[in-house]
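dropping the sequence and predicted coords here.
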Amino acid sequence: MQIGIVGLPFCGKSALFQTITKTHLDPGVIAKGEFHQSVIKVPDKRLDELTAIFNPKKKVNAAIEFVDVAGLQKGDSGSAQFTTNFLSRVKTNDALVQVVRLFENELVPHPEGSINMMRDLNTFETEFIISDLALLENRIDKIKKQILKTQDDNLKRELPLLEKCYETLQEEKPLRSLHLTRDELKLLKTYQLLTVKPMLIALNFDETQGKETEKYLEQLVKSKLDTNTKVIVFFGKIEQEMSELPEEDAAVFMKEYGIKESALNSLIREAYDLLGLQSFFTVGEDECRAWTIRKGMNAQEAAGEIHTDFFNKFIRAEVVHYTDFITAGSFAKAKEIGNWRLEGRDYIVNDGDIISVRHS
Ligand SMILES: Nc1nc2c(ncn2[C@@H]2O[C@H](COP(=O)(O)OP(=O)(O)OP(=O)(O)O)[C@@H](O)[C@H]2O)c(=O)[nH]1
Ligand SMILES: [Mg+2]
């Protein structure tokens with residue numbers, strides 16, 4: 001899974017990227033405005049606990065790749081415009097984090113000259129909508145011509161969906177506001193549209209603005225967030241500084257500044273929620289591991305995430321929920337009280353299930 005960090009110039013994208021990936025970019029590298037990417041381990045206390053119990057040779061956290069994508073420039077007409085490089089980077093992301101700047105900093109002036117959350121959000125949305133409109137217009141034209149020629153049934157089914165999307169965009173609404181089915185989303189995936197991507201708005205505050213965050217959050221909620229949109233609050237500069245400290249020291253500072261949750265934790269929690277993701281575990285002496293899957297996946301599909309062979313040769317899954325396992329203290333005890341179960345392929349996996357796949 002790949003998540004792109006986007007936003008206007010100097011809004012704090014690289015600050016957020018460095019905070020969550022615990023990397024340190026050289027100021028010269030940052031200034032070049034290139035993209036950076038890094039894979040982060042998804043922190044999971046349950047996996048830590050399981051590792052403490054099984055003492056395996058290896059612990060493998062779930063992973064998410066983050067990309068810091070710079071690339072919104074002032075166009076010739078004075079309006080904001082995406083560069084081609086930016087679009088090609090963002091197109092392949094599964095979700096986007098849009099950083100919105102709320103901190104004042106005279107040393108780095110806001111490109112529009114002032115702080116204005118709604119304006120910045122709209123600037124971005126408009127550019128995304130224009131880009132998707134152009135893409136769809138082109139595609140719809142082509143499909144119509146092809147249908148006349150070939151009478152292709154697949155294309156005939158596709159056309160109404162693309163037209164529905166086109167109309168939505170013309171009403172200046174992003175595609176993520178449509179309640180699209182899984183099949184529709186699958187179909188649209190090949191087009192790599194931008195406004196269909198789930199969006200996480202990350203409000204970047206200065207550490208002195210701790211008391212102001214509620215006000216902005218309320219304003220956003222009042223403006224009715226689209227479906228598939230979530231908001232988090234973070235404190236770019238100070239959190240970046242803290243991410244370079246040992247964990248215990250960082251915790252002390254967080255408390256001092258009244259920061260309830262780190263950007264990393266809130267970002268991952270909301271991203272999982274937004275993308276409908278959950279984790280299951282595999283445990284053993286060799287390895288304890290967290291796997292990320294979509295909610296609603298069955299045992300066979302989850303097994304397939306571990307290995308294609310596990311999907312093809314799936315027989316049954318041994319399942320015990322993390323909480324039940326911890327309460328019982330061992331597999332044997334969990335079995336005794338009936339919390340350890342054998343499930344078939346259609347069993348819908350729960351967040352926190354510990355699974356062992358039986359296959360032929
Ligand atoms: N005071 C204050 N400054 C911040 C905060 N977040 C970022 N900055 C500063 O703002 C400047 C821009 O931050 P970056 O993280 O480089 O912003 P960016 O979005 O990556 O910028 P570009 O990649 O150039 O578009 C840096 O000098 C940061 O130190 C914040 O919360 N408070
Ligand atoms: Mg940057």
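It's in. Ligands and ions are numbered 1, 2, ... in the order given.

find the centremost residue of the protein, please.
Geometric centre of the chain, nearest residue: Ala271, 4.0 Å, by CA atoms, centre = their mean.

can you tell me how far that one is from Asp286?
29 Å (CB to CB, to the nearest Å). In short, each C-beta sits where N, CA and C put it, glycine included.

give the next helix or strand downstream of the helix or strand hosting Val320.
For Val320, the element it lies in under DSSP states H and E is strand 314-321. Counting by DSSP H and E, the element after strand 314-321 in chain order, helix or strand, is helix 322-328.

for that following helix, list every residue counted as buried.
Tyr322, Asp324, Phe325, Ala328 (16 or more other CB atoms under 10 Å).

looking at the protein, which helix is longest?
Determined from DSSP state H, the single longest helix within the chain is helix 117-150.

how far is that helix from where the chain is centred?
The chain centre lies 23 Å from the centre of helix 117-150; the measure is CA atoms, centre = their mean, to the nearest Å.

re the thing from before, thought the residue nearest to the centre of the chain was touching Leu200?
Yes: with contacts defined as CB atoms under 8 Å, Ala271 counts as touching Leu200 at a distance of 6.2 Å.

what touches both of those two?
Residues touching both Ala271 and Leu200 (CB atoms under 8 Å, 6 or more residues apart in numbering): Ile3, Ala95, Val97.

just those now: which is nearest ligand 2?
Ligand 2 has its nearest neighbour among the shared contacts of Ala271 and Leu200 in Val97, at 13.0 Å by CB to the ion.

now do the SS call for the closest one.
Following DSSP: H, G, I helix; E, B strand; the rest coil, the label given to Val97 is strand.

pretty sure it contacts Cys11?
No: Val97 lies out of contact with Cys11 (CB under 8 Å); the separation is 11.1 Å.

more crowded one of these two?
Val97 (30 against 26; other CB atoms under 10 Å).

let me know the pLDDT of the more buried one.
Listed pLDDT for Val97 reads 95.

bridging residues for it?
Counting by DSSP bridges, Val97 is bridged to Ile5, Leu200.

could you measure from it over to Tyr347?
If you go by CB to CB, the gap between Val97 and Tyr347 works out to 33 Å.

export the helix or strand the residue nearest to the centre of the chain falls within to PDB, keeping only CA atoms.
Per DSSP H and E, Ala271 falls inside helix 263-274. In PDB, the C-alpha atoms belonging to helix 263-274 read as follows (Å, rounded to 0.1, in the frame of the first residue of the first chain):
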ATOM      1  CA  ALA A 263       1.200  12.100  13.800                       C
ATOM      2  CA  LEU A 264       2.300   8.600  13.000                       C
ATOM      3  CA  ASN A 265      -0.300   6.900  15.200                       C
ATOM      4  CA  SER A 266      -3.200   9.100  14.100                       C
ATOM      5  CA  LEU A 267      -2.300   8.900  10.500                       C
ATOM      6  CA  ILE A 268      -2.100   5.100  10.500                       C
ATOM      7  CA  ARG A 269      -5.300   4.700  12.500                       C
ATOM      8  CA  GLU A 270      -7.300   7.000  10.200                       C
ATOM      9  CA  ALA A 271      -5.700   5.500   7.000                       C
ATOM     10  CA  TYR A 272      -6.600   2.000   8.100                       C
ATOM     11  CA  ASP A 273     -10.100   3.200   8.700                       C
ATOM     12  CA  LEU A 274     -10.400   5.200   5.500                       C
END
